[in-house]
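> need a structure here:
(chains A and B)
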Amino acid sequence: MIAFFIKRLAQAIVVMFVISIISFSIQDNLGDPLREMVGQSVSEAERQQLRNELGLNDPFLVQYGRFVKNALQGDLGTSYFFKEPALDVILAKLPATLELVFGASLIIVFLSVPLGVYSAINPQSWFSKAVMGFSIIGISVPVFLTAIGLIYFFSIELGWMPSFGRGETQPMFWGWESGFFTWDGLAHLVLPCISLASIMLPLFIRLIRAEMMEVLQSEYVKFAWAKGLNPRRIYFLHALKNTMLPVITVGGVQIGTMVAYTILTETVFQWPGMGFLFLEAINRVDTPLIVAYLIVVGAIFVITNTIVDLVYGLVNPTVNLAGKK
Amino acid sequence: MPLLEVKNLEVSFGLRSGEVKALRNINFTLDRGERLGLVGESGAGKSVLGFSILNLISKPGRISGGEILFEGKNLADMSPEELRDVRGNRISMIFQDPMMTLNPVLTIGQQMIECLQAHRKISKENARTIAIQKLQQVQIPSPETRIDQYPYELSGGMRQRVVIAIGLLMDPDIIIADEPTTALDVTIQAEIMELMVELCERNNVALILITHDLGVVSQVTQKAIVMYAGRIIEQGPTREIINDAQHPYTQGLMNALPQMAIPGQRLNQIRGAMPSLQKIPTGCAFNPRCDYVRDACTQQLPGYTASGNCQVACHMVAELKQAEQASEGA
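The predicted structure follows:
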């Protein structure tokens, strides 16, 4: 187990190093931050002086070295716009995004498994065919369109759901404001979570269905039938456990991708999360914030994948994380 | 009443190109404790027959005619519930490849205990005790630790022993073994076969052994069925079939055994290959490969002729027998 973590940590360091180089090298090409920071009246000489003070004229490697040195101390730079440490600005928005991703994940897990399993067991039924048909639509329609459609129907036409924002939140620990514990907060979560799930859900239904159908053809499932077991046990223990192995792997990667997808959802729903913040930062050429966002998202990827590997080890006995004999 | 009686069994596969009959006109009986060998080339329908006895043919296949009478009850039209009561309980099956038969994510114990609990009201502890006993019977060393291991921790031979142990769990009346040793190392094939036969003998279990190894059939079984292109072409007491095969195909199989070859010369073989089920020739399905082919063979499906204690589906049986006696007399 310890060996696994050490190996993982080493991998994470390499990954984070690569992410930092890539995201940091973007910053030179995003336009002139000075234009956004200062007004029209500032002269060119003053701008140059400011650039020198900010270190923007130093060679790339010097800038990068300074960045890494500060980053190792937890300082990812100061946002030009907010005039606050970029990391703090992002972490303040992190709960909103994580709750959005969590809500969407719940939808995906609780719908994709039963729907995928059902349509694998009864591929000929009209319901399975309908599920497959809708999943194609779900995959094809872009998130922002789904989001706008949801707002149109449920907020404007029917007036059932709020159309933007997080609603009422409740303070938790460490400044975490949660929308999960008030009715208003939950109501605000519904539409954004659905639209965020709208691409991943069909993807997972199809993945689970395909894997399950393959597993149902396997010899060990046939043998389970020959043993005279209850069909429920065959489907939900023998077949499902093997089905979930590749699904878990894909799922881990997709959680990270979902964090990235929040940019679209958050923008449409004016959700005060990281994705929305990131888009604003790009508009303002707030490079330290952009770099910090990319690094935080990278870290989320690394962490979720590590957790997924741990879970995978629990489900699949041939993967031996603990190093036991 | 025989333990198992198969009457006019017919199995069809609904393919896109139309319905294909994988088994036609299958008739045989099996008595308690009897050992029956099912022989034939790949694709002859041996495995389909084995699976159809348990009514376990995977789609798009189905039993399209006939009866499978187990203790007088027809397995072909039983409800799923009734079938479940027979499968793994009264009739169990041993599959070909032990590397694929056991579920990789469940322990040996889980896979044994669930079978006991599916057929009997029994506590986990008691089921475990029985499972360990059965593992002992199939000569698995230290079964108390093996039972908590996963299939990947066991060798192929060990796994097949576990599969046999699962087959024996409920003390069934019949075990259907579908090429149980083909996937194993040659050095342990004989060992596993011996073990299986011994356990069947001791517990008075009838065995249906599906194989293409005539040597094993002659050593192990009392009765043999030779299949070709979905039909039984010869059946009878194993000794008679081995010593005095009547059907040209069976004769060809006997001649193809390596022991029959003359050292230094090529091995004997039957020319041609088995037809695919979509393109079975009219008349006797074997006629394109047969040395004794006559007009009748290409026109008419041969019925069964009694020859000694055997049933043979060949137009030429009488003629061949005469010729044989004539040559012996000369």
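> What is the burial count for A:G65?
A:G65: 12 surrounding residues under other Cβ atoms under 10 Å in any protein chain shown. All C-beta atoms are positioned from the backbone trio N, CA, C, and that covers glycine.
> What strand or helix carries it?
A:G65 belongs to helix A:60-72 when assigned by DSSP states H and E.
> can you list the residues of the stretch 101-250 of chain A near chain B?
A:217-231, A:233, A:237-238, A:241-242, A:245 (Cβ under 8 Å from any Cβ of the partner chain).
> Emit the ChimeraX select command for whichever of those residues are buried.
Buried residues among those (16 or more other Cβ atoms under 10 Å in any protein chain shown), as a ChimeraX selection:
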select /A:218,219,220,221,222,223,224,225,226,227,228,229,237,238,241,242,245
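> out of the residues of the stretch 101-250 of chain A next to chain B, which are inside helices?
A:219-226, A:231, A:233, A:241-242, A:245 (DSSP state H).
> for residue 93, what are its contacts?
Looking at chain A here, since you left the chain open. Residues near A:K93 by Cβ atoms under 8 Å, 6 or more residues apart in numbering or on different chains: A:P272, A:G273, A:M274, A:F276, A:L277.
> Switch to chain B, please.
A:F223, A:A226, B:G50, B:F51, B:L54, B:L56, B:R87, B:G167, B:I175, B:I176, B:A177, B:D178.
> So A:R8 sits against A:V308, correct?
No. Here A:R8 does not reach A:V308: they are 11.3 Å apart, not a contact under Cβ atoms under 8 Å.
> Can you tell me which of the contacts of B:M93 end up in helices?
A:F223, A:A226, B:G50, B:F51, B:G167.
> Quick check: the second one touching B:S92?
Yes. Under the contact definition of Cβ under 8 Å, A:A226 touches B:S92, with a separation of 6.9 Å.
> can you give me the helices for chain B?
For chain B, the helices defined by DSSP H cover B:46-53, B:80-86, B:98-101, B:108-119, B:124-137, B:143-146, B:156-168, B:186-203, B:214-220, B:238-243, B:248-256, B:295-299, B:317-329.
> let me redo that: chain A
Taking DSSP H as the test, the helices found in chain A are A:2-26, A:33-37, A:44-54, A:60-72, A:86-121, A:126-140, A:143-150, A:183-216, A:219-226, A:231-233, A:240-269, A:274-283, A:287-315.
> Which of those helices sits closest to B:A318?
For B:A318, the closest of the helices of chain A is helix A:219-226, at 42.2 Å, according to Cβ to Cβ.
> Chain A: which of the helices of chain B is closest?
helix B:98-101 (3.8 Å; Cβ to the nearest Cβ).
> what about the nearest residue to A:I282 once chain neighbours are set aside, how many neighbours?
Of all residues not flanking A:I282 in the chain, A:I290 sits nearest, at 6.3 Å (Cβ to Cβ, 6 or more residues apart in numbering or on different chains). For A:I290, the count of nearby residues is 22 (other Cβ under 10 Å).
> same check, this time on A:I107
So A:I107, with other Cβ under 10 Å, has 17 neighbours.
> Tell me who's in contact with it.
A:C193, A:I194, A:A197, A:L201.
> Just want the most central residue of the chain.
Chain wasn't specified; assuming chain A. For chain A, the residue nearest the mean C-alpha position is A:V259 (2.0 Å; Cα atoms, centre = their mean).
> oops, I was thinking of chain B
Nearest to chain B centroid, counting by Cα atoms, centre = their mean: B:I210, 2.4 Å.
> From chain A, how far off is B:E5?
Distance check for B:E5 against chain A: by Cβ to the nearest Cβ, to the nearest Å, it reads 21 Å.
> what's the closest non-adjacent residue to that residue?
Closest to B:E5 by Cβ to Cβ, 6+ apart is B:L69, at 4.4 Å.
> On the strand side of things, show who the one you found bridges to.
B:E5, B:N74 (DSSP bridges).
> For it, list the residues it contacts.
B:L69 neighbours (Cβ under 8 Å, 6+ apart): B:L4, B:E5, B:V6, B:K7, B:L75.
> Now the first one: closest residue in space, sequence neighbours ignored.
It refers to B:L4. Using Cβ to Cβ, 6+ apart, the closest residue to B:L4 is B:L30 (4.2 Å).
> contacting residues around the one you found?
B:P2, B:L3, B:L4, B:E5, B:L36, B:I174, B:A206, B:I208, B:K223.
> Looking at these, which is nearest A:F17?
The closest of these, once distances to A:F17 are taken by Cβ to Cβ, is B:I208, at 63.5 Å.
> I am assuming B:I176 contacts B:L49, so please confirm or correct that.
No. The pair B:I176 / B:L49 is not scored as a contact, 9.2 Å apart, by Cβ under 8 Å.
> okay, and the common contacts of the two?
With Cβ under 8 Å, 6+ apart, B:I176 and B:L49 have common neighbours B:I210.
> How about the residues of chain B by chain A?
Counting by Cβ under 8 Å from any Cβ, chain B sits next to chain A at B:54, B:56, B:58, B:80, B:83-89, B:92-93, B:95, B:97, B:100-107, B:114-115, B:118-119, B:150, B:152, B:163, B:166.
> Around the residue nearest to B:M99 when sequence neighbours are not counted, count how many other residues there are.
Leaving aside its chain neighbours, B:M99 sits nearest to B:G156 (6.0 Å; criterion: Cβ to Cβ, 6+ apart). Per other Cβ under 10 Å, the neighbour tally for B:G156 reads 15.
> Check B:E324 too.
12.
> before we move on, what about A:L294?
So A:L294, with other Cβ under 10 Å, has 19 neighbours.
> same question, A:G77
A:G77, neighbours per other Cβ under 10 Å, totals 21.
> List the residues that contact it.
A:G77 neighbours (Cβ under 8 Å, 6+ apart): A:F67, A:N70, A:P85, A:A86, A:T287, A:P288, A:L289, A:V291, A:A292.
> same question, B:S42
B:H212, B:M274.
> Output the below-cut-off pLDDT ranges for the stretch 51-200 of chain A.
Counting by pLDDT under 70, the stretch 51-200 of chain A contains low-confidence residues at A:167-169, A:171-177, A:179, A:181.
> mind redoing it with 80?
Scanning the stretch 51-200 of chain A for pLDDT under 80 picks out A:51, A:53-60, A:74, A:76-77, A:80, A:155-188.
> Determine which two of the contacts of A:K93 are furthest apart.
A:P272 and A:M274 (9.4 Å).
> Show me the common contact partners of the two, please.
A:K93, A:A96, A:E266.
> The second one contacts A:G273, correct?
Yes. Using Cβ under 8 Å, A:A96 is in contact with A:G273, at 3.8 Å.
> what's the closest non-adjacent residue to B:I122?
In space, B:I122 is closest to B:L116, 5.6 Å off (Cβ to Cβ, 6+ apart).
> And for that neighbour, the neighbour number?
Neighbours of B:L116 using other Cβ under 10 Å come to 24.
> which residues touch B:L277?
By Cβ under 8 Å, 6+ apart, the neighbours of B:L277 are B:F13, B:V20, B:K21, B:A22, B:G43, B:A229, B:G230.
> same thing but 7 Å
By Cβ atoms under 7 Å, 6 or more residues apart in numbering or on different chains, B:L277 lies in contact with B:V20, B:A22, B:G230.
> Check A:S79 too.
A:A86, A:V89, A:D286, A:P288, A:L289.
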